[in-house]
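In: sequence isn't available, so here's the structure alone:
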Ligand code: UDP
């Protein structure tokens, strides 16, 4: 049988992680075709292949794009990804992340696409008691965002059972950092993530609010496992190789296995930037588990993947570089960020 086309549809490829994956695909001999409705993504982040401006809920445009570009596989990033927003607007999240993903799966299956790498999350685990978290942990999301990602994981499972569509669900921990060449990086609007907000504070913006100092952790602040976006991108390309070599469907944690507290992140930013980070203590943020740290050994073994640039200094240094240059280059949405 001829091997499937190396042209890959990257839904959400104008977003933070999707754009890094498109770059990694191009570097690895694939041809990324970005499919993005640009509601949260950025046209300037699409640099390694064509952009189709469209919505994953649009079955006709999807079917046409898959046929026209001879798509061999899909990396599916397109989704809304703010935990807080998902709590207040669950309808938006179920519509965008579940209903439209189901349209994508059905259209891809009908068009004969056999492999899907899916952007999932550690939020599917909820608030686990045992750390580090393995893939055997029960998935009990504590917010609609995590729930919608779990729904798609389950749909992928049943598509495999019925139709032989194989998939890798990659459960990211905390994506962070910027492209090491400084070409792309994080630009959310509004920004809610810790590290870019700490950069803003270091640049003289609003003091960073530390959400809770009374958690059951060594310094009382929440612990997260920060993984460099380039390492995430690399894992997606490796997952694609794995599926193309007939690897069975699986779900894998992408993290480093090492956690950092909010206070430790502030200290790293102060060390890297040489600037003080003004901060204030605030209430806990609803829906935040105290600690989330991955056991990444299954991904290490299955994909022969290991993080190469996820030490905290590289994360902060590359993120800081991007944060400063993107402001200078005008890669900032008029709405804020
Ligand atoms: N956090 C904080 N202040 C902020 C934003 C985040 O203290 O302004 C904390 C948050 O409570 C969590 C950690 O930083 O413990 C990482 O939050 P982020 O929103 O970056 O990612 P999440 O863990 O929600 O995916």
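Out: Perfect, I can see it now. Treat the numbers as computed from the prediction; the structure is a model and nothing was measured.

In: how about the residues of this structure by the ligand?
Out: Counting by C-beta under 6 Å from any ligand atom, the chain comes close to the ligand at 83, 174, 192-194, 197, 208-211, 222, 224, 262, 285, 288. Any C-beta I mention is one placed from the backbone N, CA and C, and that applies to glycine too.

In: so where's the longest helix in the protein?
Out: Looking across the chain with DSSP state H, the single longest helix is helix 144-163.

In: which element follows that one toward the C-terminus?
Out: strand 166-172 (DSSP states H and E).

In: okay, now the sheet partners of that next one, with direction.
Out: The strands that strand 166-172 pairs with in its sheet are strand 115-121 (parallel), strand 250-254 (parallel) (by DSSP bridges).

In: winner for burial among these?
Out: strand 115-121 (a mean of 25; mean count of other C-beta atoms under 10 Å).

In: near residue 156, how many other residues are there?
Out: By other C-beta atoms under 10 Å, 23 other residues sit near residue 156.

In: and the nearest residue to it once chain neighbours are set aside, how far is that from residue 104?
Out: Once flanking residues are discounted, residue 156 sits nearest to residue 167: 4.3 Å by C-beta to C-beta, 6 or more residues apart in numbering. Using C-beta to C-beta, to the nearest Å, residue 167 is found at 12 Å from residue 104.

In: for the protein, which segments count as strands?
Out: Here the chain has its strands, by DSSP state E, at 7-11, 31-36, 51-53, 73-76, 115-121, 166-172, 174-176, 208-211, 223-224, 226-228, 250-254, 260-261, 279-282, 291-292.

In: mean pLDDT and distance to residue 312 for these - can I get that in JSON lines?
Out: Listed next are the strands of the chain as JSON lines, based on pLDDT from 0 to 100; distance: least, C-beta to C-beta, whole Å:
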{"stretch": "strand 7-11", "mean pLDDT": "98", "distance to residue 312": "28"}
{"stretch": "strand 31-36", "mean pLDDT": "98", "distance to residue 312": "29"}
{"stretch": "strand 51-53", "mean pLDDT": "98", "distance to residue 312": "33"}
{"stretch": "strand 73-76", "mean pLDDT": "98", "distance to residue 312": "27"}
{"stretch": "strand 115-121", "mean pLDDT": "98", "distance to residue 312": "21"}
{"stretch": "strand 166-172", "mean pLDDT": "98", "distance to residue 312": "17"}
{"stretch": "strand 174-176", "mean pLDDT": "98", "distance to residue 312": "9"}
{"stretch": "strand 208-211", "mean pLDDT": "98", "distance to residue 312": "17"}
{"stretch": "strand 223-224", "mean pLDDT": "97", "distance to residue 312": "11"}
{"stretch": "strand 226-228", "mean pLDDT": "98", "distance to residue 312": "7"}
{"stretch": "strand 250-254", "mean pLDDT": "98", "distance to residue 312": "16"}
{"stretch": "strand 260-261", "mean pLDDT": "98", "distance to residue 312": "6"}
{"stretch": "strand 279-282", "mean pLDDT": "98", "distance to residue 312": "18"}
{"stretch": "strand 291-292", "mean pLDDT": "94", "distance to residue 312": "16"}
